[in-house]
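*Asks:* dropping the sequence and predicted coords here.
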Amino acid sequence: MSDAQSDESTGSAEKDWWDDPSLPWRHKPSRADVACFAWLGAIAVYSLAMLVARPTLLAVAPHVLASFGSWSGLILVGARAAVGDPWWPLVWVIATFGMIKFDWVYWWAGKLWGRNLIEVWSGRSDRARRINERAERFARKYELAAIAITFLPLPIPRGVIFAVLGEAGTSLRTFLTVSVSASFVSTAGYLAIGYRIGEPAVKLMDAY
């Protein structure tokens, strides 16, 4: 093969759509890769939609917002429970699962792509890289206990924690068992904060 043909072949290979450092895989993606990546895209769209809709839902439909797993929504429902709102038990149950509805996707992504995913998330930002690397070390050190920490109002990248556990070999059953348990307890905690403190707690959470 001539040098020109070799260069042409190399250039053609480099043009494959999946051969891109901004993507989490380092091979031609399988159906599982594409499906998981699509789920991550859907989560991004959902998050943007909720960012826009949250203030309106908090004002007119706090039970719906709380059922999605919103901390502010749960606190407001707790505050309403203090004055006789009867729906808090149902919200508690639904929100337990609403808060963890996408956790399995991050676990799956970590299982598929390992640390490549964290590199993609970090991008060219030194700050994001430092935060993600700290979260990665934390997850590797504390493993399942790290899941429970992500349900506290702390600036921890949950996706990184869950992806690291997926890469580390944590079984999906164990991961979901701990996740559901932690969600159940933390959801009760946010409802209790609202019940005890009321509206000021909602304003504090919004400001945070």
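*Replies:* On my side now, so go ahead.

*Asks:* what's the closest non-adjacent residue to the residue sitting nearest the centre point of the chain?
*Replies:* The residue lying closest to the centre of the chain (Cα atoms, centre = their mean) is G159, at 4.4 Å. Leaving aside its sequence neighbours, G159 sits nearest to Y106 (Cβ to Cβ, 6 or more residues apart in numbering; 4.5 Å). In this view, the C-beta of every residue, glycine as well, is placed from N, C-alpha and C.

*Asks:* please apply the same query to A81.
*Replies:* Of all residues beyond its chain neighbours, the one nearest A81 is W88 (4.2 Å), with distances taken as Cβ to Cβ, 6+ apart.

*Asks:* now do that neighbour: how many residues are near it, please.
*Replies:* W88 is surrounded by 22 other residues when neighbours are defined as other Cβ atoms under 10 Å.

*Asks:* so what's it up against?
*Replies:* Taking Cβ atoms under 8 Å, 6 or more residues apart in numbering as the contact definition, W88 lies against V77, G78, R80, A81, L191.

*Asks:* change it to 7 Å
*Replies:* V77, G78, A81, L191 (Cβ atoms under 7 Å, 6 or more residues apart in numbering).

*Asks:* strands - which of these land there?
*Replies:* Taking DSSP state E, every one of these sits outside strands.

*Asks:* of these, closest to E136?
*Replies:* Nearest to E136 among the contacts of W88 is L191, at 31.8 Å by Cβ to Cβ.
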